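K.L.:
below are the sequence and a predicted model; questions follow.
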Amino acid sequence: MTILHIDSSISGENSASRAISRSIVDQLRGTGDQVTQRDLVAEPLPHLTLDAFADTSVLDEFLAADTVVIGAPMYNFTLPTQLKAWLDRILIAGKTFRYTESGPEGLAGGKRVVIALARGGFYDAGSPAAALEHLETYLRGVFGFIGIVPEFVAADGLAIGPEQRETSVRQALGETVRLAA
Ligand SMILES: Cc1cc2nc3c(=O)[nH]c(=O)nc-3n(C[C@H](O)[C@H](O)[C@H](O)COP(=O)(O)O)c2cc1C
């Protein structure tokens, strides 16, 4: 099995999403599995241009992976622009989706995508900030569009205080153990 491990937090070793995505990979990887790492902060992809469509290496890497693990922190209520630049190279008509007479059709099904979310606040349905949640909802939408139902492991309330952060990250790391089952 090939696992593609992607991170997009700017916070290096202090990053919760990086710690959780690492734990997900540790849980999912089996003997002999190949893990490809793409750190979108250490090696950022440029903003999309028309010329960039000629280079399909990022798309090919995604298509070759059986499992994709993504560390996705919430910045300004949505995903880091580094991760958006990666998605801009993945959502390609004719490759990962196509338009048919009966509507759009995802072409990338059959892949497992597991996403480690890290958010400073709480965005549960019915909470005051719920309408500002454009990270999980966006990622669920775009992966759904290409035929994948992503799984999420979330650590929330990380900016509320050190105790909440510790509890949320510990719970999320605990949840990653269940993914291998
Ligand atoms: C530039 C920046 C913007 C942020 N914007 C938000 C936000 O809009 N909503 C929120 O809940 N938390 C926000 N946070 C808090 C992060 O989501 C939180 O620190 C989380 O731990 C980031 O993931 P990381 O630890 O993997 O870097 C922001 C943090 C940074 C650095």
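P.N.:
Nice, I can see it.
K.L.:
switch to C-alpha atoms for all contacts and neighbour counts from now on
P.N.:
Noted.
K.L.:
residue 123: what's it in contact with?
P.N.:
129, 130, 131, 132, 133 (CA atoms under 8 Å, 6 or more residues apart in numbering).
K.L.:
by neighbour count, which of the residues you listed wins?
P.N.:
In terms of neighbours by other CA atoms under 10 Å, those top out with residue 133 at 19 neighbours.
K.L.:
between the contacts of residue 123, which sits nearest residue 44?
P.N.:
Here the nearest of the contacts of residue 123 to residue 44, counting by CA to CA, is residue 133; it sits at 24.4 Å.
K.L.:
now do the same contact list for the closest one.
P.N.:
Here residue 133 is in contact with 77, 78, 123 (CA under 8 Å, 6+ apart).
K.L.:
can you name the two of the contacts of residue 123 that sit furthest apart?
P.N.:
129 and 133 (7.1 Å).
K.L.:
show me the contacts for residue 83.
P.N.:
8, 40, 72.
K.L.:
so how far is residue 36 from the residue most central in space within the chain?
P.N.:
Nearest to the geometric centre of the chain sits residue 70, at 3.3 Å (CA atoms, centre = their mean). Distance, residue 70 to residue 36, using CA to CA, to the nearest Å: 12 Å.
K.L.:
what do you get for residue 108?
P.N.:
To residue 36, residue 108 is 19 Å away according to CA to CA.
K.L.:
between the two, which one's more packed in?
P.N.:
residue 108 (20 against 14).
K.L.:
buried stuff in the longest helix that the chain contains?
P.N.:
Counting by DSSP state H, the longest helix found in the chain is helix 162-179. For helix 162-179, burial by neighbour count (16 or more other CA atoms under 10 Å) applies to 165, 168, 169, 172, 173, 175, 176.
K.L.:
what is the nearest of these to residue 20?
P.N.:
residue 173 (5.8 Å).
K.L.:
can you pull out the helices in the chain?
P.N.:
Under DSSP H, the chain gives helices at 16-28, 57-64, 81-87, 136-145, 162-179.
K.L.:
could these go into TSV alongside distance to residue 49 and mean pLDDT?
P.N.:
Output for those, formatted as TSV (distance: least, CA to CA, whole Å; pLDDT from 0 to 100):
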stretch	distance to residue 49	mean pLDDT
helix 16-28	28	98
helix 57-64	14	98
helix 81-87	10	98
helix 136-145	20	98
helix 162-179	36	97
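K.L.:
compare these and give me the one nearest the ligand.
P.N.:
Smallest distance to the ligand across these (CA to the nearest ligand atom): 3.6 Å, for helix 16-28.
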